[in-house]
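Participant: Model the structure of this input:
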Amino acid sequence: MAVKKVDIADPDGPTRLTCMLTGHSRSGKTRLLGTFPRPHILADATEDGYKTLSYMGNEDFYEPDFIPEVYLISSPADMMEACAELERIHAMTPERIGTIGIDSLTFYADMKFSEMEI
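Facilitator: Numbering: from 1, shown residues only. A predicted model of the protein is given here:
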């Protein structure tokens, strides 16, 4: 079986990108996420990685006039509430959201597993 290659120059090509960034702690994942178009970041409230964004200059962002929006997540219920809020925003002004990032999946998974423990 041959690997399929996508021609990104094709006007009928992909219209969105789904990706997962991985790396060691403090390797720049949050900073890279901040450079995506119109990012809305669901960030673990205890990890503080999102604070990296406050040290970036506007010229570092994909769109210098759009500062990433961060939603602090302290529980799985917070995650569901944030997702519902993003759905509301997208329904009213879809152009406002270019990227949704979870920072980080590891912290969120740990939260969810802890909630499930008896």
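Participant: where does residue 40 land in three-state SS?
Facilitator: Reducing the assignment to helix, strand or coil with DSSP: H, G, I helix; E, B strand; the rest coil, the entry for residue 40 is strand.
Participant: who are the neighbours in contact with residue 112?
Facilitator: If a contact means C-beta atoms under 8 Å, 6 or more residues apart in numbering, then residue 112 has residue 76 as its contacts. (Each C-beta comes from the backbone N, C-alpha and C, glycine too.)
Participant: For the residue nearest the centre of the chain, which three-state class applies?
Facilitator: With distances taken as C-alpha atoms, centre = their mean, the residue of the chain nearest its centroid is residue 101 (0.9 Å). Using three-state DSSP, the structure places residue 101 in strand.
Participant: before we move on, what about residue 110?
Facilitator: Relying on three-state DSSP, one would call residue 110 helix.
Participant: pLDDT score for it?
Facilitator: pLDDT recorded at residue 110 is 79.
Participant: could I get the biggest helix by length in the chain in PDB with only the CA atoms?
Facilitator: Under DSSP state H, the helix in the chain containing the largest number of residues is helix 76-92. Presented in PDB, the C-alpha positions along helix 76-92 are these (Å, rounded to 0.1, in the frame of the first residue of the first chain):
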ATOM      1  CA  PRO A  76     -13.600  17.900  33.500                       C
ATOM      2  CA  ALA A  77     -16.800  20.000  34.100                       C
ATOM      3  CA  ASP A  78     -14.800  23.100  33.200                       C
ATOM      4  CA  MET A  79     -13.700  21.400  30.000                       C
ATOM      5  CA  MET A  80     -17.300  20.700  29.000                       C
ATOM      6  CA  GLU A  81     -18.300  24.300  29.900                       C
ATOM      7  CA  ALA A  82     -15.400  25.700  27.900                       C
ATOM      8  CA  CYS A  83     -16.300  23.500  24.900                       C
ATOM      9  CA  ALA A  84     -19.900  24.700  25.100                       C
ATOM     10  CA  GLU A  85     -18.800  28.300  25.200                       C
ATOM     11  CA  LEU A  86     -16.600  27.800  22.100                       C
ATOM     12  CA  GLU A  87     -19.600  26.200  20.300                       C
ATOM     13  CA  ARG A  88     -21.600  29.300  21.200                       C
ATOM     14  CA  ILE A  89     -18.900  31.700  19.900                       C
ATOM     15  CA  HIS A  90     -18.500  29.700  16.700                       C
ATOM     16  CA  ALA A  91     -22.300  29.700  16.100                       C
ATOM     17  CA  MET A  92     -22.400  33.500  16.400                       C
END
